[in-house]
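Undergrad: let me see the structure of the following:
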Amino acid sequence: MKAIENIFQEFIDAIQTANTADSFERVGTRLAQRLGFERFAYLSLAGEGTTLITSYPRSWTSRYLRSGYQQLDPVVLRARVEHTVFSWGGAVSSPLGNREQRRFFDEATTFGIRSGITVPIRAGFGRMAAFTLATGYRESHPERLVAEWKDIVQLVGLYFHTHVTVRLDHRSTLQAVGTELTQRERQCLAWAAQGKTVADIAVLVEIAPRTVVFHLENARRKLGAASIAHCVAEAVRRGLLP
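TA: As a prediction, the model looks like this:
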């Protein structure tokens, strides 16, 4: 088995047991070092919420979030429109973006972040995420690594995102949504889960059909579902229905 495949298998084994932000950070740090990088970062943007798990210096990440750099960062902006792994920085790259963005990159280099490779991730409903491996080495050539390891790095980013979403985001969403759904919304969803129509639920719950629709739509919005069927499936998966 090739060295890169051994590293990938080690990553897969390790991430199966990660269930806290700290444990995910350890897995990402180990992977980055094994692949010859110094740092890694996982950034997820969902509406006003931001999830950041990284081995970047704390002084940099605090400044990054406090200054809202995720709205300026050329790598994040590129990840919003790209669909496959891409490289940035490096010995042969010219400065990116406008003056403010170039100033941002200059500042990042003072924290040991000069170049890297990034996996853009589409998370649905306008959400996005990015998984990055970065280094401060001046003579690095990340574009070569993309050419050699593109498929495996893409899988690493997707695996990391999926496990974080299931083990961290899902858990926090469950706690929040569990208190947000009203008793009537749960009641209407429970009947919908049994195949009842809006008219049936109106009779069973003793409310008007338009009120049933109102409660179902509220529940759908809260669970971030695309349809009522999807909403029912999400509610069942999250243990919100009896």
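Undergrad: domain map for the protein?
TA: Following automatic domain parsing, one gets these domains for the chain: 3-174, 181-237.
Undergrad: report the buried residues of the longest helix anywhere in the chain.
TA: Criterion DSSP state H: the longest helix present in the chain is helix 142-164. Buried residues in helix 142-164, counted by 16 or more other Cβ atoms under 10 Å: 142-143, 145-146, 149-150, 152-154, 156-157, 159-161, 163-164. All C-beta spots, glycine's among them, are computed from the backbone N, C-alpha and C.
Undergrad: alpha carbons only: can I get that helix in CSV?
TA: This file holds the C-alpha atoms of helix 142-164, laid out as CSV (Å, rounded to 0.1, in the frame of the first residue of the first chain):
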residue,chain,number,x,y,z
PRO,A,142,0.8,23.2,-3.1
GLU,A,143,-0.3,22.9,-6.7
ARG,A,144,1.9,19.8,-7.1
LEU,A,145,0.1,18.2,-4.1
VAL,A,146,-3.3,18.9,-5.6
ALA,A,147,-2.2,17.2,-8.8
GLU,A,148,-0.8,14.1,-6.9
TRP,A,149,-3.4,13.8,-4.1
LYS,A,150,-6.5,15.5,-5.4
ASP,A,151,-8.9,12.6,-4.9
ILE,A,152,-7.7,11.6,-1.5
VAL,A,153,-7.6,15.1,-0.1
GLN,A,154,-11.2,15.6,-1.5
LEU,A,155,-12.3,12.5,0.4
VAL,A,156,-10.6,13.7,3.6
GLY,A,157,-12.4,17.0,3.5
LEU,A,158,-15.8,15.4,2.9
TYR,A,159,-15.2,12.8,5.7
PHE,A,160,-14.2,15.4,8.1
HIS,A,161,-17.2,17.6,7.3
THR,A,162,-19.6,14.7,7.6
HIS,A,163,-18.3,13.5,10.9
VAL,A,164,-18.3,17.0,12.4
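Undergrad: ok, residues contacting that helix?
TA: The list of residues contacting helix 142-164 from outside it, by Cβ atoms under 8 Å, 6 or more residues apart in numbering, reads 4-5, 8, 11-12, 15-16, 18, 24, 27-28, 31, 35-36, 42, 44, 51, 53, 84-90, 92, 115-117, 119, 121, 123, 129-131, 133, 135.
Undergrad: from the chain's centroid, how far away is it?
TA: Its chain's average C-alpha position is 14 Å from that of helix 142-164, according to Cα atoms, centre = their mean, to the nearest Å.
Undergrad: doesn't E185 make contact with N218?
TA: Yes: if you go by Cβ atoms under 8 Å, N218 and E185 touch, sitting 5.7 Å apart.
Undergrad: more crowded one of these two?
TA: E185 (22 against 17; other Cβ atoms under 10 Å).
Undergrad: distance of the more buried one from Y56?
TA: 40 Å (Cβ to Cβ, to the nearest Å).
Undergrad: next structured bit after the lowest-mean-pLDDT helix or strand in the chain?
TA: Across the helices and strands of the chain, mean confidence by mean pLDDT, DSSP states H and E is lowest for helix 170-180: a mean of 46. Counting by DSSP states H and E, the next helix or strand C-terminal to helix 170-180 is helix 183-193.
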